[in-house]
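Undergrad: A predicted structure for the sequence below; I have some questions about it.
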Amino acid sequence: MNINADVDTPTCADCGASNPGWASLNHCVLICSECCFIHRNLGRHISQIRSLTAGIWHTNQLKLVNYLYKNGSNNIWEHSLIDSNSGKANKKKPVSNDPIIPKKETFITDKYVRLIYAIRPAKDEFTVDDLNRQLWSSVRTGHVITALRLLALGASPDFVDQGNTPLHIAAKNGQELQVELLWIYGANFSSKNFNGKTPSELAKKEGHLELSERRKPSHKDNQHFLIPDLVDPFISERMHNIGKQIHLISDLLFERLVQDVYDEVDRREIDLQWSSLNNSQIRMHKHVAIFLPPNPQLLCYQKSNASKIGKI
């Protein structure tokens with residue numbers, strides 16, 4: 001499925017360049033190669049980027065980005081630029097031929113890190129609990145743009161009401177795009193509801209079989225979970241010893257370590273996608289992240305672990 005084929009005159013969400021070749025999954029916008037340089041250095045905790053042509057996509061992910069892109073997802077992140085009452089409506093976005101550094105970099109950082117243009121509720125208009133309950137209610141419907149807006153405002157994808165999370169509700173009602181969006185925002189797909197059922201089990205019970213299989217290997221989509229054979233006796237023994245040490249790690253520490261590894265694998269996959277595309281036209285390799293960009297929310301030892309993993 002080609003996302004650009006289903007979108008009228010696709011343009012970069014940040015500078016308006018035609019035929020953007022990348023997507024930011026968690027913002028559900030399309031971006032060009034130049035703006036992608038900046039997104040890469042923001043870090044995965046800010047922008048989860050993927051190539052539209054060289055990246056591996058699940059069909060529902062493409063459907064989600066395509067649908068939200070066509071229905072104004074970028075307006076969520078540039079709300080004050082189009083709101084005549086905001087005082088920022090006269091602020092000019094970069095254009096495609098503007099320099100990456102500093103003009104595009106400044107705008108993109110303001111837009112996605114500082115969130116100075118993003119939609120914000122009026123003072124005392126909503127509490128976090130209000131946002132959570134609205135999200136919980138909206139995911140049973142196909143109004144996925146509403147769900148994105150609520151998540152952008154700070155709603156939790158793991159909020160529990162009546163013993164169910166939003167993911168349980170979306171899965172039970174067969175809302176594939178809502179499920180995809182909640183996963184992108186970190187919803188726990190293995191959480192159990194008040195009846196001890198996971199979202200996948202609820203989807204299967206309601207007859208949404210394809211949705212219930214979403215997290216399993218799909219050789220058709222080139223998404224495999226393969227365990228390599230350790231034929232070298234020395235390597236096998238060494239891995240066995242490492243495995244023993246890993247068993248001693250607490251659940252919380254192991255979860256954080258796995259997240260570091262996942263983020264590093266994601267960074268390396270983006271590197272491969274970047275290298276496989278025609279990026280020779282952009283002489284900006286010095287601005288591409290060699291290691292994982294720092295996440296200020298991580299503890300010091302986690303940042304150190306991420307840097308060490310990047311050197312392996």
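TA: Sure thing, it's come through.
Undergrad: Now Trp22, what are its backbone angles?
TA: Backbone geometry at Trp22, expressed as degrees, to the nearest 10, gives phi -130, psi 160.
Undergrad: pretty sure it contacts Ser47?
TA: No: counting by Cβ atoms under 8 Å, Trp22 stays clear of Ser47, with 9.9 Å between them. The way it works is simple: take the backbone N, C-alpha and C, and place the C-beta from them, glycine included.
Undergrad: for Phe159, what are its contacts?
TA: 132-133, 135-136, 165-166 (Cβ atoms under 8 Å, 6 or more residues apart in numbering).
Undergrad: Next: Gly154.
TA: Gly154 neighbours (Cβ under 8 Å, 6+ apart): 128, 131.
Undergrad: again with Leu68
TA: 28, 144-145, 148 are the contacts of Leu68 under Cβ under 8 Å, 6+ apart.
Undergrad: show me where this structure has strands.
TA: 22-24, 29-31, 49-51 (DSSP state E).
Undergrad: between these, which one is nearest to Phe189?
TA: Of all these, it is strand 49-51 that lies closest to Phe189, at 19.3 Å by Cβ to Cβ.
Undergrad: The closest one packs against which elements?
TA: If you count contacts as 3 or more Cβ pairs under 8 Å, 6 or more residues apart in numbering; DSSP states H and E, strand 49-51 packs onto strand 22-24, helix 33-42, helix 251-276.
Undergrad: comparing the ones you listed, which gets the lowest mean pLDDT score?
TA: Ranked by mean pLDDT, the helices and strands packed on strand 49-51 bottom out at helix 251-276, with a mean of 76.
Undergrad: any idea how far it is from the chain center?
TA: Distance of helix 251-276 from the chain centroid (Cα atoms, centre = their mean, to the nearest Å) equals 13 Å.
Undergrad: Stretch 197-204 too?
TA: A distance of 23 Å separates the centroid of the chain from that of stretch 197-204, by Cα atoms, centre = their mean.
Undergrad: Please export the C-alpha coordinates of it as PDB.
TA: What follows is stretch 197-204, C-alpha atoms only, in PDB (Å, rounded to 0.1, in the frame of the first residue of the first chain):
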ATOM      1  CA  LYS A 197      -8.800 -11.000  29.500                       C
ATOM      2  CA  THR A 198      -6.200  -9.300  27.400                       C
ATOM      3  CA  PRO A 199      -7.200  -7.000  24.500                       C
ATOM      4  CA  SER A 200      -6.300  -9.800  22.000                       C
ATOM      5  CA  GLU A 201      -8.500 -12.300  23.800                       C
ATOM      6  CA  LEU A 202     -11.400  -9.900  23.800                       C
ATOM      7  CA  ALA A 203     -11.000  -9.200  20.100                       C
ATOM      8  CA  LYS A 204     -11.000 -13.000  19.400                       C
END
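Undergrad: so can I have CSV of the contacts of Phe159 showing distance to Phe107 and neighbour count?
TA: Output for those, formatted as CSV (distance: Cβ to Cβ, whole Å; neighbours: other Cβ atoms under 10 Å):
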residue, distance to Phe107, neighbour count
Asn132, 31, 21
Arg133, 34, 16
Leu135, 29, 29
Trp136, 34, 23
Thr165, 35, 25
Pro166, 32, 32
